[in-house]
Structures are given as C-alpha cells and as structure tokens.
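[1] Compute the structure for the input listed below.
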Amino acid sequence: MTALPFHLLIDFTAFVFAFYDPLFEALQLVVYGDIAMFTRPPAQKVRSPSDLATIAELERAVQAREPEFQLAVIIFMNLDSTNPRIRIGGPIEGYIVRGAEYAYAVDNPFTAQVPYSSILPNHVNGYSGIVVSLFIFHFGSFGSKPVRWIYFSLGIMGALIFLSGNLLWIKFRRRKHRDRECIPAQVNASVPMTRLTVGVCLGTVLGFAMCILAAKWLPHWQVDIGFWQHAAYYAGFMVAIFWSFFRRPVIAARELLLLTSIGVLLIPLSEILTFTLNNTITLWPVEMSALLVGFCC
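    Modelled structure (predicted):
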C-alpha cells in the first residue's frame with residue numbers, strides 16, 4: 001500500500017517530464033495563440049568559442065541573483081547556433097532546489113547574462129513553483145539522502161510486486177491445468193508472460209549494469225557519454241529479452257542470472273581496476289549495492 005502512492009507520484013511527474021514540450025506546444029496553440037508564452041532572447045550572430053565568458057564571470061552572474069550559489073557544473077548547449085545557452089548548476093544550502101542535487105540557472109555563455117531566473121529558489125513565481133514542486137517530488141530532493149533511500153526502497157518494492165504478481169499468475173495458470181496433465185506444462189497464454197517476466201526483469205538489471213560500466217570505462221571527453229549509456233542499457237535489456245525467447249524460461253533464467261551477476265560484480269571491480277580513489281569514496285553506496293545484488297543473483 002505504501003509503494004502505490006509513491007509509484008502514482010512518480011508516474012505523474014514522469015509523464016509531465018516526458019511530454020513537457022508537447023504540453024507547452026498544445027497550450028501555445030489552444031490557449032495563447034499568437035501571443036508568445038515566454039519571452040525568448042533575440043537571436044545573435046554565431047561567435048567563436050574563444051569569446052566564451054570565464055567561469056568566474058558566469059558564477060558572479062548567477063551569484064548576483066543568488067548570493068549563496070556555488071558553481072558545480074556547466075552544461076553547454078548550441079554554442080554554434082544563433083541561440084547559445086549554458087545551464088549552470090550548483091548547491092544552495094538551506095533551499096529546496098529544482099534538480100536532483102543542484103539549483104540551475106540558464107545563462108548566455110558569451111555575455112554571462114541570466115535571461116531566466118525563475119528556476120532559482122529565491123525567484124520562484126506561481127508557475128515555476130508548480131514545476132519546481134514536480135521536480136523535487138520526482139527526485140526526492142526535499143529530504144536529502146534519507147528520503148532518496150526511502151525512494152529507492154519503495155521503487156524496489158514496486159518492482160518486487162510486479163515480479164511476484166507475474167510469478168503468482170503463472171503458477172495459478174499451471175495449477176489450474178494440473179488435473180488435465182500429469183506434469184503441468186506452460187499453457188499457451190502463460191508462455192509469453194513467463195518469457196517476458198524473465199527477460200524484462202533481468203534485462204533491466206543487466207541494462208543498468210551495462211549503463212554504469214559504460215560511464216566508468218568510456219572516455220567522457222571523447223564521446224557522447226549520454227548516448228553510449230543509453231545504448232549500453234538497451235543493448236543489455238534487448239539481449240535478455242531475445243535470450244528469454246530463444247531458450248526455455250527456466251534455463252534462460254539461470255543463464256541470465258549468471259550473466260547479470262557478472263555484469264553487476266564488474267561495477268565494483270572496475271573501481272578497483274581504475275584506481276579512482278575519490279570516486280570509490282564518493283560512490284560507495286553504488287559499489288556496495290552492486291556487490292549485494294551481484295551476490296544475490
């Protein structure tokens with residue numbers, strides 16, 4: 001019962017995030033018409049990367065609006081276009097922020113101007129307050145790490161409910177046909193469900209393991225790490241799906257469990273092999289969780 005409201009909340013906020021642009025396009029078409037919903041900065045000529053503002057200038061520009069802001073991350077976007085932008089993120093102590101960890105501001109990378117400040121904690125208005133609320137409820141950032149671990153536990157409970165529900169349905173179907181055959185076999189309706197239960201559940205875990213391994217081993221400064229993390233996840237997920245339909249469900253489950261455990265155990269092993277002491281200390285919950293899942297598999 002506890003996990004149901006949590007999953008309804010996550011489903012609603014995820015729906016808003018996934019269809020953010022289509023929702024605004026529909027509002028623009030139906031409600032606002034020819035009136036612009038947002039004031040966009042005017043287009044400017046394409047400039048050279050050598051004209052970029054310094055990090056100190058960008059930080060001072062945000063601190064002029066949020067004095068307690070501490071710059072931690074900069075995301076560059078469309079630098080070679082007429083509408084260049086950067087997203088600057090950093091912690092603000094004592095405030096609930098929009099991101100999972102950081103507050104963000106949109107800045108001009110060349111002029112260090114902040115055209116949009118309504119997403120900063122001290123500049124939230126009625127509309128942006130609703131949007132920020134959706135973000136903080138989705139990420140659990142209103143309660144720091146304890147709340148996020150509660151989120152994680154509730155997410156695992158939901159996954160277990162899905163898995164146990166499918167297994168109970170399959171078992172019920174087999175028991176229903178027990179009187180008809182000496183050895184109850186999978187009926188036609190339950191075979192695809194059995195294969196998908198094995199493939200989807202183990203494929204999700206294997207996909208996440210592949211995603212984390214891609215982030216650890218690929219050179220972030222040479223490749224689009226976001227693209228390759230998505231590719232690694234779906235590669236592991238689809239391998240499990242295909243294998244569950246290629247082999248008998250029981251055999252496929254055993255083989256995929258072995259493959260999944262190897263993939264998950266490679267996560268802490270990668271930390272040892274790469275000798276990244278700082279990451280090992282910072283991400284120890286990930287490593288310990290990976291060890292626990294690997295040995296459970």
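[2] Neighbours of residue 95, how many?
    By the measure other CB atoms under 10 Å, the count of residues near residue 95 is 14. Every C-beta, even on glycine, is put in place using the N, C-alpha and C of the backbone.
[3] thinking it is in contact with residue 121, fair?
    Yes: in this structure, residue 95 is within contact of residue 121 by CB atoms under 8 Å, at 3.9 Å.
[4] Identify the contacts common to the two.
    Both residue 95 and residue 121 are in contact with residue 103, where contact means CB atoms under 8 Å, 6 or more residues apart in numbering.
[5] residue contacts, residue 64?
    If you count contacts by CB under 8 Å, 6+ apart, then residue 64 has residue 114 around it.
[6] any idea how far it lies from residue 114?
    8 Å (CB to CB, to the nearest Å).
[7] Now do the SS call for residue 89.
    Under DSSP: H, G, I helix; E, B strand; the rest coil, the three-state class of residue 89 is strand.
[8] Surely it is in contact with residue 99?
    Yes: applying CB under 8 Å, one finds residue 89 in contact with residue 99, separated by 6.1 Å.
[9] between those two, who's got more neighbours?
    residue 89 (21 against 18).
[10] could you list every residue that touches the more buried one?
    Going by CB under 8 Å, 6+ apart, residue 89 touches 71-75, 99, 101-104.
[11] Ok, residue 237 next?
    200, 203-204, 206-207.
[12] Name the nearest of the residues you listed relative to residue 9.
    When the contacts of residue 237 are ranked by distance to residue 9 (CB to CB), residue 204 comes first, at 20.5 Å.
[13] hang on, the closest one in a helix?
    Yes: under three-state DSSP, residue 204 sits within a helix.
[14] pLDDT at it, what is it?
    The per-residue pLDDT reported for residue 204 equals 90.
[15] What's the PyMOL line that selects buried ones from the contacts of residue 237?
    Applying 16 or more other CB atoms under 10 Å to the contacts of residue 237, the buried members can be selected in PyMOL as follows:
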select buried, resi 200+203+204+206+207
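[16] Find the nearest non-adjacent residue to residue 238, please.
    With sequence-adjacent residues excluded and distances taken as CB to CB, 6 or more residues apart in numbering, residue 238 is closest to residue 203, at 7.2 Å.
[17] Then residue 212?
    Among residues not flanking residue 212 along the chain, residue 267 sits closest, at 5.4 Å (CB to CB, 6+ apart).
[18] Let me know the helix or strand that the one you found is in.
    helix 249-274 (DSSP states H and E).
[19] helices or strands up against that helix?
    Judged by 3 or more CB pairs under 8 Å, 6 or more residues apart in numbering; DSSP states H and E, helix 249-274 is in contact with helix 190-217, helix 225-246, helix 284-296.
[20] For those helices, state which one has the densest average packing.
    Highest mean neighbour count of the helices and strands packed on helix 249-274: helix 190-217, a mean of 20 (counted as mean count of other CB atoms under 10 Å).
[21] what angle sits between it and helix 249-274?
    Interaxial angle, helix 190-217 versus helix 249-274 (axes from the mean of the first three to the mean of the last three CA atoms, to 10 degrees): 10 degrees.
[22] which one of the contacts of residue 89 is nearest residue 258?
    Looking across those and measuring by CB to CB, the closest to residue 258 is residue 101, at 35.2 Å.
[23] What about that closest one, how many residues nearby?
    14.
[24] my read: it touches residue 91, true?
    Yes: using CB under 8 Å, residue 101 and residue 91 qualify as a contacting pair, with a distance of 6.9 Å.
[25] The host helix or strand of residue 171 packs against which elements?
    According to DSSP H and E, residue 171 maps onto helix 144-176. Packing partners of helix 144-176 (3+ CB pairs under 8 Å, 6+ apart): helix 3-18, helix 190-217.
[26] quick revisit: any idea how far the residue nearest to residue 212 lies from residue 165?
    Relative to residue 165, and taking CB to CB, residue 267 is found at 29 Å.
[27] Also residue 24?
    36 Å.
[28] Point out the least confident member of the contacts of residue 89, please.
    Within the contacts of residue 89, pLDDT is lowest for residue 99, at 71.
[29] that older thread, for the helix holding residue 171, what is the average pLDDT?
    Averaged across helix 144-176, pLDDT comes to 77.
[30] relative to helix 190-217, how tilted is that helix?
    Orientation of helix 144-176 against helix 190-217 (the same axes, to 10 degrees) gives an angle of 150 degrees.
[31] Since that was my last question, I'll sign off now.
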